[in-house]
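Asks: Sharing a model prediction with you, sequence too.
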Amino acid sequence: MLSSLFRTCAILAFCAPLVAQTTGSISGLVLDASSTPLTAEQARVTVQNASTEAERTVETDAFGGYSAPGLAPGIYEMRVSAPGFAPYVRQGVTLSAGQALRVDFPLQIEEIRDTVTV
């Protein structure tokens, strides 16, 4: 009885780290043109798996940081939007199992276009 309990515990101890490493995470900062984190604006970061098209959208925190944990390994497209800033798209972000990838986004101020109708 004690032997089988020990064997079960040993198997679980060995397998638990393997299960935990089947996903990865992407996190980073959303910055303005002067490399200052966007703290007042809530930016939205969308992470889309290129092969499955599964996507997740997260918002930045008060310090301009974002985190998308529990992502399947693969190649991702990332889109960032924030009020007053031009949208930013980064393709080909490769995430491996167990990887904690950091991707920062420098946003540019959005160009204002006025339309005058006469």
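Replies: Happy to help now that I have it.

Asks: mind listing the helices in the protein by residue range?
Replies: In the chain, the segments counted as helices under DSSP state H are 2-20.

Asks: For it, give me the ranges with low pLDDT.
Replies: 1-20, 40-41, 113-118 (pLDDT under 70).

Asks: Strands of that one, start to end?
Replies: 24-31, 44-49, 55-59, 65-71, 74-81, 88-95, 100-102, 105-106 (DSSP state E).

Asks: Dump these to CSV, plus mean neighbour count and distance to Leu38.
Replies: C-beta coordinates here come from the backbone N, C-alpha and C atoms, glycine included. As requested, the strands of the chain are exported to CSV (neighbours: other C-beta atoms under 10 Å; distance: least, C-beta to C-beta, whole Å):
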stretch, mean neighbour count, distance to Leu38
strand 24-31, 20, 5
strand 44-49, 19, 11
strand 55-59, 14, 11
strand 65-71, 16, 10
strand 74-81, 19, 10
strand 88-95, 14, 12
strand 100-102, 12, 16
strand 105-106, 18, 9
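
Asks: what is the nearest residue to Gln99 once chain neighbours are set aside paired to in the beta sheet?
Replies: Distance criterion C-beta to C-beta, 6 or more residues apart in numbering; nearest residue to Gln99, sequence neighbours excluded, is Gly24 at 4.2 Å. Beta-bridge partners of Gly24, counted by DSSP bridges, are Leu71.

Asks: circling back: among the strands of the chain, which is nearest Ile112?
Replies: When the strands of the chain are compared by C-beta to C-beta, strand 74-81 sits nearest Ile112, at 16.2 Å.

Asks: Run me through the strand neighbours of the closest one, direction for each.
Replies: strand 44-49 (antiparallel), strand 88-95 (antiparallel).

Asks: Reformat those as a markdown table; add distance to Ile112.
Replies: Listed next are the strands paired with strand 74-81 as a markdown table, based on distance: least, C-beta to C-beta, whole Å:
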| stretch | distance to Ile112 |
| --- | --- |
| strand 44-49 | 21 |
| strand 88-95 | 18 |
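
Asks: For Ala33, give me its contacts.
Replies: Counting by C-beta atoms under 8 Å, 6 or more residues apart in numbering, Ala33 touches Pro106, Leu107, Gln108, Ile109.
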